[in-house]
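**Q** after the sequence you'll find the predicted model.
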Amino acid sequence: MQRFKIYCEIAVSRGVVKRAAKVALVVGSALNLINQGESLMLLDFANVNFMKLFLTYIVPYSVTTYTATALKAEFQIGTASSVEADLECTSCKAHIHIHKGQIIPECMVCGIDTHWKLK
């Protein structure tokens, strides 16, 4: 359950939401113009499929949110942690606790080859 909480915290963080909204606006608008452009340009709302219109924005938002969350959850050494978490080195199984905003360190055993995952 702790892991799910951390992923949710990352997914709703300001930076992730802002980036996903921008991508959804640009990509969703382009796709809506491709798929329903004639009806939208003529303001013929009777022929606009609003479910498709809504989903065309939700899909790029969801993909961007998933991608950004997955990248932030990799806990790359030398980057600032976006959440407080307990991490485990994938190679030697060493454990550390990091705080939000803390620079993620190398493992004392593995050094530059460190790959952290959520404990």
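**A** Perfect, thanks for sending it. Numbers count the residues shown, from 1 in each chain.
**Q** domains in the protein, by residue range?
**A** Using automatic domain parsing, the domain parsing of the chain gives 2-72, 85-118.
**Q** looking at these, which is closest to Gly78?
**A** With distances scored as C-beta to C-beta, the stretch of these nearest to Gly78 is domain 85-118 (6.5 Å). C-beta here means a position set from N, CA and C on the backbone, and glycine is covered the same way.
**Q** buried set for that closest one?
**A** Neighbour counts using 16 or more other C-beta atoms under 10 Å place Ala85, Leu87, Glu88, Cys89, Ile96, Ile98, Ile104, Cys107, Cys110, Thr114, Trp116 of domain 85-118 among the buried residues.
**Q** relative to Thr79, which of the domains of the chain is closest?
**A** Put simply, out of these the one that sits nearest Thr79 is domain 85-118, at 5.7 Å, with distance taken as C-beta to C-beta.
**Q** hmm, back to that, ok, which pair from the buried residues of domain 85-118 is furthest apart?
**A** Greatest spacing in those, by C-beta to C-beta: Ala85 and Cys110 (18.2 Å).
**Q** and stretch 9-17, what's its mean pLDDT?
**A** pLDDT averaged over stretch 9-17 equals 94, rounded to a whole number.
**Q** could you give me the buried positions within that stretch?
**A** Residues of stretch 9-17 classed as buried by neighbour count (16+ other C-beta under 10 Å): Glu9, Ile10, Ala11, Ser13, Val16.
**Q** show me where this protein has strands.
**A** Counting by DSSP state E, the chain forms strands over residues 85-89, 95-98, 116-118, given from the N-terminal end onward.
**Q** mind giving me the packing neighbours of the top helix by length along the chain?
**A** Looking only at the chain and at elements set by DSSP state H, the helix with the highest residue count is helix 14-41. Using 3 or more C-beta pairs under 8 Å, 6 or more residues apart in numbering; DSSP states H and E as the contact test, the elements touching helix 14-41 are helix 50-72.
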